[in-house]
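**Student:** Sequence and computational prediction follow.
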Amino acid sequence: MEIACVIDKRLASLSRPGRGGGPRPGRVDVSGMAGADPVAAAEATEAMVRALEGIGAAVESEQSGEAFFAIDGLRGLCGGTSADVLAAARRAVGEEKRIATGRTRLAAFLAAEEWPRPVPVAALRRRLDASGREVDELIEALERLGIETLRAFARLSADQVSDRFGPLGLRALRLCRGEEEPLQPRVPHAEVAEEIELPEGTAGRQLDRALELLVDRLLAVPQRKGRTLLGLRLGAMLASGGSWNVEQGLGRPSASSRVLRNVLAPRLEELPGPAIALRLRAVGLGPPARDQLELAVGGAEPRRRRLRAAVREVRAVQGAEALLKILPVDDASRVPERWALLTPYPEL
């Protein structure tokens, strides 16, 4: 199998945002990319992956600025040769990205990074799934023993490596010998995300209203096509210049604005400081929302079901912004424009 590696050097040095949320480092300038931070890097990486999926690639991407995909199944779609596939990938992601191929992820990565030959063991730093301290200690120990290249390391026996370097050393040895797990590409899904800018000093009840507006807009995105959501990623750009995000599971698929607001509202309390923008992205899409069977005749629920069907019908014909509701925001403000906002009418 021939594997392609796509690298965006501006983003690859930034770690992928963690699942636990929390404050992120302030904005930095990475190789000319002013204003980059881990959250922005994740967004840019998502755009790169979607561009590759647009040419038919099944993409694996575990770190910011990197993507891997198998070339074999794309030759027929892109012209017949590996060069044709790479040319299509460059057109999709942009000429500034580095693209190379190899028999394994490591080989493709080294080619894209243009490491010198023979390749030093320091190249393992970005490829080992372990803490930076553990990897640094492994590389320093190898270099002290005179094992300075991947080729020299690959000549060692598994017993020698296990005795001296333990499980991490064995993982590194398998990488050097080309013994990698098969690619694990993600399942492509439609982009379902929304972002709103916040007035300076937004907090408390106003922040809750902003979240309500954001949830309503997300549920009205046409790409959702009536499907439920499996999880959400709530993020914020901080007034101090940094960023923050957190992932929230839903327990069961849902497309209820009330449910989404209830699970996300407590996470706003974790914001490390004032925010100037909120972002909400669907981590995964579930099956379409279905009405439950009812034993009772009449009542409020059948009316809600008919109203939900009417909302969907109008939106299908007139668009997502065809039905709006008034959302009170700050009735004490001296600025009339801040008293209320229009937000997409929920599907109930």
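**Tutor:** Thanks, I have the structure now.
**Student:** Kindly state the beta-bridge partners for residue 5.
**Tutor:** In this structure, residue 5 bridges to residue 68, residue 100 when assessed by DSSP bridges.
**Student:** For residue 149, see how far away it is.
**Tutor:** From residue 5 across to residue 149, the span is 20 Å (Cβ to Cβ, to the nearest Å). Every residue, glycine included, has its C-beta placed from N, CA and C.
**Student:** These two: which has the busier surroundings?
**Tutor:** Using other Cβ atoms under 10 Å as the criterion, residue 5 and residue 149 rank with residue 5 on top: 23 against 18.
**Student:** Need the per-residue pLDDT for that one.
**Tutor:** Residue 5 carries a pLDDT value of 95.
**Student:** In this structure it contacts residue 100, no?
**Tutor:** Yes: in this structure residue 5 lies within contact range of residue 100 using Cβ atoms under 8 Å: 5.8 Å.
**Student:** which residues do those two both contact?
**Tutor:** Jointly contacting residue 5 and residue 100 under the rule Cβ atoms under 8 Å, 6 or more residues apart in numbering are 108, 111-112.
**Student:** Kindly write the ChimeraX command that selects the buried subset of those.
**Tutor:** Once 16 or more other Cβ atoms under 10 Å is used to decide burial, the buried members of the shared contacts of residue 5 and residue 100 can be selected in ChimeraX as follows:
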select :108,111,112
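**Student:** among the shared contacts of residue 5 and residue 100, which are in helices?
**Tutor:** Among the shared contacts of residue 5 and residue 100, DSSP state H puts 108, 111-112 in helices.
**Student:** Quick one: the helices in the stretch 1-150 of the chain, in order.
**Tutor:** 9-12, 38-53, 75-78, 82-93, 105-113, 132-144, 150-154 (DSSP state H, counting those that start in this stretch).
**Student:** any weak-confidence spans in the stretch 101-250 of the chain?
**Tutor:** By pLDDT under 70, the low-scoring segments of the stretch 101-250 of the chain are 201.
**Student:** longest strand of this protein?
**Tutor:** If each strand of the chain is counted by residues according to DSSP state E, the longest one is strand 275-288.
**Student:** Does anything pack onto it? Which helices or strands?
**Tutor:** With contacts defined as 3 or more Cβ pairs under 8 Å, 6 or more residues apart in numbering; DSSP states H and E, strand 275-288 has these neighbours: strand 193-197, helix 205-219, strand 227-238, strand 243-254.
**Student:** Show residues contacting that strand.
**Tutor:** For strand 275-288, contacts defined as Cβ under 8 Å, 6+ apart pick out 189-190, 192-198, 200, 202, 207, 210-211, 214-215, 218, 224-239, 244-245, 247, 253, 264.
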